[in-house]
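K.L.:
Starting from these lines, generate the structure:
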Amino acid sequence: MRITLSALLISTLVLSSCGGWRDSRINPTNWFGQSREAEAPAAENLNPLIPQEEEKANLLGSRNDEEEDRSLPIALIKDMRIERTSVGGILTVEGEAARNGAFNAELVPSDPQEPGQLEYTFRVTYPKAATYQGTVATRTIRAAVSLSEQDLTGIRVLRVVGKENAREIRR
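P.N.:
Numbering: from 1, shown residues only. Purely as a prediction, here's the structure:
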C-alpha cells in the first residue's frame, strides 16, 4: 500500500509540472501562435464613377481581349492560422465578404515586402449583377496558401490584409 501511494504521489507531481508545456516554444502547436487583430491599411479615396485608367484601343478601334482583374480585398478578416506540414506550412484565412456571391478567393502576396514579414492581401471577385447581403454564414469564405520552409526562413510575422482590417501571426 505504501509503494502504491508513493508511486501515485510521484506521478501526480510529475504530471502537474507539465503545465508549462502548453505555453512553451518547444511545443509544436505554438509554432507561430494565435492570430491577432492588426492595424488596417488606410483606405484609398477613390470615386468609382471616375475610371482610373483610360481604355486603350488597338489600331482597329476595338478593345484588347485581355480580361481585367475585378478582384477586391475582402471586407473583413475573421480568423487566420498556420498549420505545420512536412515541407513547410499551410496558411488558412477565413474572411467575411461584403455581399453574397463572392468567388475566386485567393491570397495575393503584397509587392513591397518588409524584411522578416510576409504579407498577403485576401482578394475575392464579386458578381457583376447586384446580390443581397445575406447572412454572415453565406458570406464566409476561406482561402489557403502553401508555404515552403524556404518561404518561411527568416519570417517572424505573417500578415493578411483585408478592406476593413488586417490580422497577423507572430513567431
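
K.L.:
Can you tell me the SS state at Ala130?
P.N.:
At Ala130, secondary structure determined by DSSP: H, G, I helix; E, B strand; the rest coil is coil.

K.L.:
ok, it to Arg99 distance?
P.N.:
Remark: distance between Ala130 and Arg99 (C-beta to C-beta, to the nearest Å) = 8 Å. Just so you know, the C-beta spots here come from the backbone N, C-alpha and C atoms, and that holds for glycine as well.

K.L.:
Comparing these two, which residue is more hemmed in?
P.N.:
Arg99 (15 against 8; other C-beta atoms under 10 Å).

K.L.:
you'd agree that one is up against Thr138?
P.N.:
No - assessed by C-beta atoms under 8 Å, Arg99 is found out of contact with Thr138, at 9.5 Å.

K.L.:
Would you map the strands across this protein?
P.N.:
For the chain, the strands defined by DSSP state E cover 35-38, 71-73, 76-85, 88-96, 103-109, 117-125, 140-148, 157-161, 166-170.

K.L.:
count of neighbours near Ser148?
P.N.:
With other C-beta under 10 Å as criterion, Ser148 counts 11.

K.L.:
the bottom helix or strand of the chain by mean pLDDT?
P.N.:
strand 35-38 (a mean of 77; mean pLDDT, DSSP states H and E).

K.L.:
Could you pull out the buried residues of that strand?
P.N.:
35, 38 (16 or more other C-beta atoms under 10 Å).

K.L.:
Partner strands of that strand and their direction?
P.N.:
Strand 35-38 has the following strand partners under DSSP bridges: strand 166-170 (antiparallel).

K.L.:
so where is this protein shaky, pLDDT-wise?
P.N.:
For the chain, the stretches flagged by pLDDT under 70 are 15-31, 33, 41-66.

K.L.:
Next, name the residue at the spatial heart of it.
P.N.:
With distances taken as C-alpha atoms, centre = their mean, Val93 lies nearest the centre of the chain, 3.7 Å away.

K.L.:
who touches the closest residue to it other than its chain neighbours in this structure?
P.N.:
Of all residues not flanking Val93 in the chain, Met80 sits nearest, at 4.5 Å (C-beta to C-beta, 6 or more residues apart in numbering). Each residue near Met80 by C-beta atoms under 8 Å, 6 or more residues apart in numbering is listed here: 35, 91-94, 158, 160, 167, 169.
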